[in-house]
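Trainee: Would you be able to build a 3D model of this:
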Amino acid sequence: MTPELFVLGATLLALTLYALLGGADFGAGIWEFNTALQASPRERALLYRAIGPVWEANHVWLIFVLVALFSAFPPAFAAACRALWLPLLLGLLGIVFRGAAFAFRSAPDPDGRRPLLWETLFAMASTAAPFFLGASAWAIASGRLAPDGDPLLGWVNPMSIFGAFFSVAACAYLAAVYLARDARREEGPDLAELWRRRALVAGAWMGLLSAAGLALVATEAPSLWEGFRRRAAPLVVLSGAGGLSSLAFLLARRETAAAAGAACAVGGVVLGWGVAQFPAILPPDFTVEGTKAPAAVLRPLASGIGLGVALLVPSLGFLFYLFKGKRPA
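Mentor: Okay, the predicted model is just below:
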């Protein structure tokens, strides 16, 4: 495997992990937004306990994606930044403000107003971040992104608008399934049932949105649709099977298996997009071969990624074991 393909594959896997784990992080705040901040103290405690030690750490995958693309494919990265600077900036602001709100929500306040302010900011920023990041990704997938076009609204098209709402729904779906699993283990059957019902509703919506998304891709991005039909067809099947199995496992109250199915459903979408779009990075003009960095850059970068994975993956695995593994009674 050439260094550029190794880096590109590692970047796609990191983006998938960010969608699965960082997306669930956003999803917790989205549920706060959807429930109009009416969550009970037990619900909110479960949300914050899930976010704190584990999900916040997954923003490292976004940093990895940006650094890898900047280093390995600089012309494509520069073109994407020129065309998407506004939604990417708004997404970044969402990440920053939700982190600040999460940190300051527990600050002591005698009159009781400050926690509501921070919880509102946390919910709104958690929704805005995947909205604009999803719009950026789907704008790239549309193949209509013009780096030298309208600097403000050149990224707006039917696919980017749909992708923004699809990404928010996917994050809410992942968070609901993961929280149903955590609630079953930590909080008891009543709270687990609440999150299980929410996960079923979110999963049904995701199924409808996924079907609509495939129809939209077929009409709005014919070249990407061909990639889905040919190279990425197994991943489309994986995504559909994962979504259906997650709903079935939720009905059977097997939340751990449902979480695995939900991860397959969303992960199949991200991986399928990357495989279907290959060899383009920023379609239609910016390809892997045409934008790759010199070999003197790619080889050390690929070696550094291999070494970093050897250090990072066990560390994150141990973090998950400590906070998500089985606990003594």
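Trainee: hang on, residue 139 packs against residue 158?
Mentor: No - Residue 139 is not in contact with residue 158 according to C-beta atoms under 8 Å; the separation is 10.4 Å. Every C-beta, even on glycine, is put in place using the N, C-alpha and C of the backbone.
Trainee: Which one's more surrounded, these two?
Mentor: Counted by other C-beta atoms under 10 Å, residue 139 and residue 158 do not tie: residue 139 has more neighbours, with 24 against 14.
Trainee: Tell me the helix or strand right after whichever strand or helix holds that one.
Mentor: Secondary structure assignment for residue 139, by DSSP states H and E: helix 113-142. Later in the chain than helix 113-142, the nearest helix or strand by DSSP H and E is helix 158-186.
Trainee: Could you pull out the buried residues of that next one?
Mentor: Residues 159-160, 162-164, 166-184 are the ones in helix 158-186 that count as buried (16 or more other C-beta atoms under 10 Å).
Trainee: And for stretch 203-213?
Mentor: Neighbour counts over stretch 203-213 (16+ other C-beta under 10 Å) mark 203, 206, 207, 209, 210, 213 as buried.
Trainee: and which of the residues you listed is nearest to residue 322?
Mentor: Nearest to residue 322 out of those is residue 203 (C-beta to C-beta; 28.8 Å).
Trainee: separation between the closest residue in space to residue 312 that isn't next to it in sequence and residue 213?
Mentor: With C-beta to C-beta, 6 or more residues apart in numbering as the criterion, residue 312 has its nearest non-adjacent residue at 7.4 Å, and that residue is residue 60. Distance of residue 60 to residue 213, given as C-beta to C-beta, to the nearest Å: 28 Å.
Trainee: try residue 309
Mentor: Here the criterion is C-beta to C-beta. By it, residue 309 lies 31 Å from residue 213.
Trainee: circling back: what's around the residue nearest to residue 312, how many residues?
Mentor: Using other C-beta under 10 Å, residue 60 is surrounded by 17 other residues.
Trainee: you'd agree it is in a helix?
Mentor: Yes - assigned with DSSP: H, G, I helix; E, B strand; the rest coil, residue 60 falls within a helix.
Trainee: what about stretch 134-150, start to end distance?
Mentor: 19 Å (C-alpha to C-alpha, to the nearest Å).
Trainee: actually stretch 279-295, sorry about that
Mentor: Its start and end residues considered, stretch 279-295 measures 18 Å (C-alpha to C-alpha).
Trainee: and the gap between the residue nearest to residue 312 and residue 277?
Mentor: As judged by C-beta to C-beta, residue 60 and residue 277 stand 24 Å apart.
Trainee: Enumerate every residue touching residue 58.
Mentor: Neighbouring residues of residue 58 by C-beta atoms under 8 Å, 6 or more residues apart in numbering: 17, 18, 21, 22, 25.
Trainee: what do you get if the cut-off is 6 Å, keeping everything else the same?
Mentor: 21, 22 (C-beta atoms under 6 Å, 6 or more residues apart in numbering).
Trainee: pLDDT-wise, which helix or strand of the protein ranks last?
Mentor: helix 41-51 (a mean of 73; mean pLDDT, DSSP states H and E).
Trainee: Packing partners of the helix holding residue 139?
Mentor: Applying 3 or more C-beta pairs under 6 Å, 6 or more residues apart in numbering; DSSP states H and E, one finds that helix 113-142 makes contact with helix 23-34, helix 74-104, helix 158-186.
Trainee: So which elements touch the longest one?
Mentor: Same thing as helix 74-104. helix 113-142, strand 280-282.
Trainee: Identify the residues contacting the last one?
Mentor: This points to strand 280-282. Under C-beta under 6 Å, 6+ apart, the answer for strand 280-282 is 73, 76, 79, 80, 287.
Trainee: strands paired with that strand, and their directions?
Mentor: Paired strands of strand 280-282, with direction, are strand 286-287 (antiparallel) (DSSP bridges).
Trainee: Top of the contacts of strand 280-282 by number of neighbours, please.
Mentor: When neighbours are counted by other C-beta under 10 Å, residue 73 leads those with 26 neighbours.
Trainee: confidence score at the spatially closest residue to that residue that is not a sequence neighbour?
Mentor: Among residues not flanking residue 73 along the chain, residue 291 sits closest, at 4.5 Å (C-beta to C-beta, 6+ apart). Looking at residue 291, its pLDDT reads 94.
Trainee: and the least confident helix or strand of the chain, what other elements does it pack with?
Mentor: The contact analysis (3+ C-beta pairs under 6 Å, 6+ apart) places helix 41-51 against helix 23-34.
Trainee: Pull the residues that contact the helix it packs on.
Mentor: For helix 23-34, the external contacting residues (C-beta under 6 Å, 6+ apart) are 47, 51, 55, 98, 122-123, 126-127, 129-130, 171-172, 174-175, 178.
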